[in-house]
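Asker: Turn this into a structure:
(chains A and B)
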There are 2 protein chains.
Amino acid sequence: MTEKDAPIGVFDSGVGGLTVVKEIMRQIPNERIVYFGDTARVPYGTKSKATITRYSEQIVRFLQKSQVKAIVVACNTASAIALEELEGKVKLPMIGVVKPGAKVAVGATQNGRIGIIGTEATVSSGIYTKYIEQFSHNIKVIGKACPLLVPLVEEGLLQDPVTDEIAKRYLDELIDIDIDTLILGCTHYPLIHTTIQRIVGENVNLVNPAYETARELKEMLKQGGLISNNEAGLGSDRYRFYVSDGADKFKNFANSIIKYGILTAKTVNIEEF
Amino acid sequence: MTEKDAPIGVFDSGVGGLTVVKEIMRQIPNERIVYFGDTARVPYGTKSKATITRYSEQIVRFLQKSQVKAIVVACNTASAIALEELEGKVKLPMIGVVKPGAKVAVGATQNGRIGIIGTEATVSSGIYTKYIEQFSHNIKVIGKACPLLVPLVEEGLLQDPVTDEIAKRYLDELIDIDIDTLILGCTHYPLIHTTIQRIVGENVNLVNPAYETARELKEMLKQGGLISNNEAGLGSDRYRFYVSDGADKFKNFANSIIKYGILTAKTVNIEEF
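Answerer: Numbering: from 1, shown residues only, chains lettered A, B, ... in the order given. Sure thing, here's the model as predicted:
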């Protein structure tokens, strides 16, 4: 197998990164993908920098064993906390979801007020503000940690008065300061897109970084001469999924999101990497 | 240090086990305690048996390095899933929270209908039913997994309409079948005792296994000749706390629960054990 035909490695703290995988499949359909979801140690959003970085490094070592040609950090928390350190250590093209999300938001805002919702770790890192300032100096960025939204989504309360109430509490503060753009800074949030849009109102642009991440990944691969074009050679294992716990549960969830017959979902003891 | 004066090892998936520590401190005040909270990998309740067992074994190896004389599994999920296997491997007196809780519930029920609330892993293990049947054959046991209560408690929504609504949804099923006793089968639940009591009504006995666990621990130590009586030699490090992530955050939370000036809270890389 040439380097071009090697898989793209994608990882997330759990299942949320599948929203990014779905977009990669759509935008660059001729690529192989190896996905790792750290379902044993999810959530990352409440953990320390040292722990998030150590976990991310283990996953990168695992993906490197699969000889991936590039790595997508499809987790906002790991992108916010660990990506810079990973880039310093790993000799592979890497991309996270934070910078693409920041870029789109800057392009979308009219009044210069961007809200960002995410985990405690992502919001308190201030990384979205940092990237937004690289693109424009005249923007006010307001972050709000929403720790209960992930468990509510994972329990399937996607259309539920309780999720409405909790989301409203988190978002009221952002509505009060008149944001016109809101970054969904956690891969779980697109699953309650409708609820969030209803609460913030139709005039607020919701930014889902998944689309732009897949687009920038494609660009990065092109520039590196790494785009695969050999569809004939992809075979039935073109999409391989690994998790640190509960492969069967993951497989069901994954099939419901990406609507592709996932054949391989295996459990890996990630602590050994 | 003689074996008698060695510490008791206590572990939990996170902070919940502190409710058990508090009770041990009260009932057997002359004992040293080494506590481990697996704050990096919390929650356990959604994980597989293989993973919960592997994590518990690592923690037991860590506690054995501290030369503990006995181990308290102060986590319902680990007690339900891993205790039997641990007992087969470890040559130390061990006690979990499930059996003591089951025993108290059997003594408390009048109508022979006991409800048990806990994590998915605890409830689906059926272990409370198994122990209750050891004590009595004429009891109907009804389990209900309450996955959202832990995140709600951890976010501090102890007195909140959202917690009321979610608890009501979980408990309605148990109220409908007329339980007169309810086991709080997760160490977080005593923190919303008032809410639960209001929902199920004053006539339902709430069983918190922590009290009975500490009582049985005392009995077990007495029978093994392991009760410490040397208060003079305990020193300032009599209570030592270790976590797998976020020692400072843990220290603040722990001090708010057990009202004892905790001096030592250290982060340990538990994956190395």
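
Asker: alpha carbons only for contacts and neighbour counts from here, please
Answerer: Noted.

Asker: so A:Leu149 touches A:Asp164, yeah?
Answerer: No. Judged on Cα atoms under 8 Å, A:Leu149 makes no contact with A:Asp164 at a distance of 10.0 Å.

Asker: more crowded one of those two?
Answerer: Using other Cα atoms under 10 Å in any protein chain shown as the criterion, A:Leu149 and A:Asp164 rank with A:Leu149 on top: 22 against 17.

Asker: tell me the contacts of that one?
Answerer: A:163, A:166-167, A:189 (Cα atoms under 8 Å, 6 or more residues apart in numbering or on different chains).

Asker: 6 Å instead?
Answerer: A:Leu149 makes no contacts at all, as judged by Cα atoms under 6 Å, 6 or more residues apart in numbering or on different chains.

Asker: Check A:Phe241 too.
Answerer: A:34-35, A:264-265.

Asker: what residues does the stretch 151-273 of chain A put near chain B?
Answerer: Residues of the stretch 151-273 of chain A lying close to chain B by Cα under 6 Å from any Cα of the partner chain: none are found.

Asker: For the stretch 151-273 of chain A, which segments are assigned as helices?
Answerer: A:161-176, A:193-200, A:209-223, A:247-258 (DSSP state H, counting those that start in this stretch).

Asker: tell me the most buried of those helices?
Answerer: helix A:209-223 (a mean of 19; mean count of other Cα atoms under 10 Å in any protein chain shown).

Asker: List the contacts of that one.
Answerer: Counting by Cα under 6 Å, 6+ apart, residues outside helix A:209-223 touching it are A:20, A:23-24, A:97, A:100-101, A:227.

Asker: now, the most widely separated pair of the residues you listed?
Answerer: Largest separation among the contacts of helix A:209-223 by Cα to Cα: A:Gly101 and A:Ile227, giving 22.7 Å.

Asker: is chain B contacted by stretch A:134-145?
Answerer: No. Stretch A:134-145 stays clear of chain B (Cα under 6 Å from any Cα), getting no nearer than 11.6 Å.

Asker: these two touch, right, A:Asp245 and A:Gly37?
Answerer: No. Counting by Cα atoms under 6 Å, A:Asp245 does not reach A:Gly37; the two are 8.7 Å apart.

Asker: one step back: just the closest of the contacts of helix A:209-223 to B:Phe62, please.
Answerer: A:Val97 (37.0 Å).

Asker: Need phi/psi at that closest one.
Answerer: phi -100, psi -10 (degrees, to the nearest 10).

Asker: Tell me the pLDDT of it.
Answerer: Per-residue confidence (pLDDT) for A:Val97: 97.

Asker: low pLDDT regions in the stretch 101-250 of chain A?
Answerer: By pLDDT under 70, the weakly predicted segments of the stretch 101-250 of chain A are A:230-234.

Asker: can you pull out the strands in it?
Answerer: Under the criterion DSSP state E, counting those that start in this stretch, the stretch 101-250 of chain A contains strands at A:113-118, A:140-145, A:181-184, A:205-207, A:239-243.

Asker: other SSEs contacting the second one?
Answerer: Translated: strand A:140-145. For strand A:140-145, the packing partners by 3 or more Cα pairs under 6 Å, 6 or more residues apart in numbering or on different chains; DSSP states H and E come out as strand A:113-118, helix A:120-125.

Asker: burial of A:Gly201, as a residue count?
Answerer: A:Gly201: 12 neighbours (other Cα under 10 Å).

Asker: Next, the contact list for A:Tyr239, please.
Answerer: Counted by Cα under 6 Å, 6+ apart, A:Tyr239 has contacts A:32-33.

Asker: That one bridge partners, please.
Answerer: Beta bridges link A:Tyr239 to A:Ile33 when assigned by DSSP bridges.

Asker: returning to that earlier point: who wins on neighbours among the contacts of A:Phe241?
Answerer: Top of those by neighbour count (other Cα under 10 Å): A:Tyr35, with 25 neighbours.

Asker: Now that residue: which helix or strand?
Answerer: strand A:33-37 (DSSP states H and E).

Asker: okay, the angle between that strand and helix A:247-258?
Answerer: Interaxial angle, strand A:33-37 versus helix A:247-258 (axes from the mean of the first three to the mean of the last three Cα atoms, to 10 degrees): 120 degrees.

Asker: So what touches strand A:33-37?
Answerer: A:7-14, A:239-243.

Asker: got the angle for it vs strand A:239-243?
Answerer: 20 degrees.

Asker: Please save the CA atoms from strand A:33-37 in CSV.
Answerer: What follows is strand A:33-37, C-alpha atoms only, in CSV (Å, rounded to 0.1, in the frame of the first residue of the first chain):
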residue,chain,number,x,y,z
ILE,A,33,-10.6,5.6,8.0
VAL,A,34,-9.4,4.1,11.3
TYR,A,35,-11.5,5.6,14.1
PHE,A,36,-10.7,5.3,17.8
GLY,A,37,-13.3,6.3,20.5
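
Asker: Using neighbour counts, pick out the buried residues of the helix or strand that it is followed by.
Answerer: Going down the chain from strand A:33-37, the next helix or strand is helix A:49-65, by DSSP H and E. Neighbour-count burial for helix A:49-65 flags A:49, A:51-53, A:55-57, A:59-60, A:62-64 (criterion: 16 or more other Cα atoms under 10 Å in any protein chain shown).

Asker: Could you tell me the average pLDDT over helix A:49-65, please?
Answerer: Here the average pLDDT along helix A:49-65 is 97.

Asker: between it and strand A:239-243, how many degrees?
Answerer: Interaxial angle of helix A:49-65 relative to strand A:239-243 (the same axes, to 10 degrees): 140 degrees.

Asker: got the buried residues for the helix or strand that helix A:49-65 is followed by?
Answerer: Sequence-wise, the next helix or strand downstream of helix A:49-65 (DSSP H and E) is strand A:70-73. Applying a neighbour-count criterion of 16+ other Cα under 10 Å, one finds A:70-73 buried in strand A:70-73.

Asker: do the same with stretch A:202-210
Answerer: For stretch A:202-210, by 16+ other Cα under 10 Å, it's A:204-210.

Asker: and of the buried residues of helix A:49-65, the nearest to chain B?
Answerer: Closest to chain B out of the buried residues of helix A:49-65 is A:Thr51 (6.9 Å), distances taken as Cα to the nearest Cα.

Asker: ok, A:Cys186 - how many residues close by?
Answerer: 26.

Asker: Report the contact partners of it.
Answerer: Counting by Cα under 6 Å, 6+ apart, A:Cys186 has contacts A:76, A:118.

Asker: one more time with 7 Å, if that's ok
Answerer: A:75-76, A:118-119 (Cα atoms under 7 Å, 6 or more residues apart in numbering or on different chains).

Asker: and which of those is nearest to A:Ile183?
Answerer: A:Gly118 (8.6 Å).
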